[in-house]
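Undergrad: using only what follows, build the 3D model:
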Amino acid sequence: MEKNERTCTTVDQYITGFPPDVQDILQKIRTIIKEEAPAAAERIAYGMPTYTLDKNLIHFAAYARHIGVYPTPTGIDAFRDELAAYKNAKGSVQFPLSETIPYDLIRRITRYLVAEQASRNSSSRKR
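TA: Below you'll find the predicted structure:
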């Protein structure tokens, strides 16, 4: 399985382009993000599911051997210790498909990013 290469315009199209077991994982991640960021807009950007609250909040994508989650550098930094077990970079983390996906960690990262964005928006309104 390679990353879904067809041109998708919706997250539903993106998810259905993968095998059922990967679809289940992607749908769970989507549900978590929607629960933690109900006001976020959902769209396809950079060829992957993207959620925005005034600006990009979090993205995710499926690949042959992992699920990529892209929570911005602040999301990675805030959970650095918990993410140390996974391949990660400045704004991304890879969760191997051969291991249990840490849904609770994805939930907490999303919650953190929503709170961070709300704090930024609050601070900018006070100026």
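Undergrad: would you mind measuring from Glu99 to Lys34?
TA: The spacing between Glu99 and Lys34, counted by C-beta to C-beta, to the nearest Å, is 24 Å. For the C-beta atoms, the positions are set from N, CA and C on the backbone; glycine is no exception.
Undergrad: ok, Ala84 next?
TA: As for Ala84, its distance to Lys34 is 28 Å (criterion: C-beta to C-beta).
Undergrad: which of the two has more residues huddled nearby?
TA: Shown here are Ala84 and Lys34; by other C-beta atoms under 10 Å, Lys34 has more neighbours (15 against 8).
Undergrad: which of the residues in the helix or strand where that one lies are buried?
TA: According to DSSP states H and E, Lys34 maps onto helix 20-36. Buried residues in helix 20-36, counted by 16 or more other C-beta atoms under 10 Å: 22, 25-26, 29-30, 32-33, 36.
Undergrad: please save the CA atoms from it in PDB.
TA: What follows is helix 20-36, C-alpha atoms only, in PDB (Å, rounded to 0.1, in the frame of the first residue of the first chain):
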ATOM      1  CA  PRO A  20     -10.300  -1.600   5.600                       C
ATOM      2  CA  ASP A  21      -7.900  -2.000   8.500                       C
ATOM      3  CA  VAL A  22      -6.200   1.300   7.600                       C
ATOM      4  CA  GLN A  23      -9.600   2.900   7.000                       C
ATOM      5  CA  ASP A  24     -10.500   2.000  10.600                       C
ATOM      6  CA  ILE A  25      -7.400   3.600  12.000                       C
ATOM      7  CA  LEU A  26      -7.900   6.800   9.900                       C
ATOM      8  CA  GLN A  27     -11.500   7.000  10.900                       C
ATOM      9  CA  LYS A  28     -10.600   6.700  14.600                       C
ATOM     10  CA  ILE A  29      -8.100   9.500  14.200                       C
ATOM     11  CA  ARG A  30     -10.600  11.600  12.400                       C
ATOM     12  CA  THR A  31     -13.200  11.000  15.100                       C
ATOM     13  CA  ILE A  32     -10.700  12.000  17.800                       C
ATOM     14  CA  ILE A  33      -9.800  15.200  16.100                       C
ATOM     15  CA  LYS A  34     -13.500  16.100  15.500                       C
ATOM     16  CA  GLU A  35     -14.300  15.400  19.200                       C
ATOM     17  CA  GLU A  36     -11.400  17.500  20.500                       C
END
